[in-house]
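>>> give me a 3D structure for the following:
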Amino acid sequence: MENDCSRVKDGTGCECSTITTNNSFPLTDFKVGQKLIIAGFDGCVMSKRLCNMGVGCGAEIEVLRNDSTGPLIIYTRRIRLAIGRGMASKILCRQVED
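Numbering: from 1, shown residues only. Sure, this is the predicted structure:
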């Protein structure tokens with residue numbers, strides 16, 4: 001079985017790019033209250049896990065908590081999701097244009 005980390009697809013049809021895109025930064029770089037769009041992931045297995053939770057490429061999120069330690073809390077699709085700092089550092093985002 002071939003493992004293609006450039007594209008991840010699950011049974012729901014979620015397809016997420018793991019390629020770094022221009023103007024995207026790790027989720028850990030953003031401040032509370034900022035609204036973002038997920039641009040990609042730096043990790044094959046993690047991107048599939050997030051896609052399975054409905055947080056894939058193109059998803060709009062808002063940062064609810066980003067202290068210097070502990071998990072980040074994001075808001076998306078009417079749910080709050082806590083993400084560890086290691087995983088959050090591999091989620092590449094860009095800020096939503098106003």
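>>> the closest residue to K35 other than its chain neighbours: neighbouring residues, count only.
Closest residue to K35 apart from its sequence neighbours, by Cβ to Cβ, 6 or more residues apart in numbering: V96 at 4.3 Å. Yep, even glycine has a C-beta here, placed from its N, CA and C like the rest. For V96, the neighbour count with other Cβ atoms under 10 Å is 12.
>>> now Y75, what's its secondary structure?
Secondary structure assignment for Y75 (DSSP: H, G, I helix; E, B strand; the rest coil): strand.
>>> can you check the pLDDT for it?
Here the pLDDT value assigned to Y75 is 96.
>>> now swap in V8 and tell me
In this model, V8 is scored at 46, pLDDT.
>>> now do the helix ranked longest in the chain, average pLDDT.
The single longest helix within the chain, with elements called by DSSP state H, is helix 44-52. Mean pLDDT, helix 44-52: 81.
>>> leaving out chain neighbours, which residue sits closest to Y75?
Nearest-residue entry for Y75: E62, 4.5 Å, with adjacent residues in sequence omitted and distances by Cβ to Cβ, 6+ apart.
>>> count the neighbours of the one you found for me.
Using other Cβ under 10 Å, E62 has 16 neighbouring residues.
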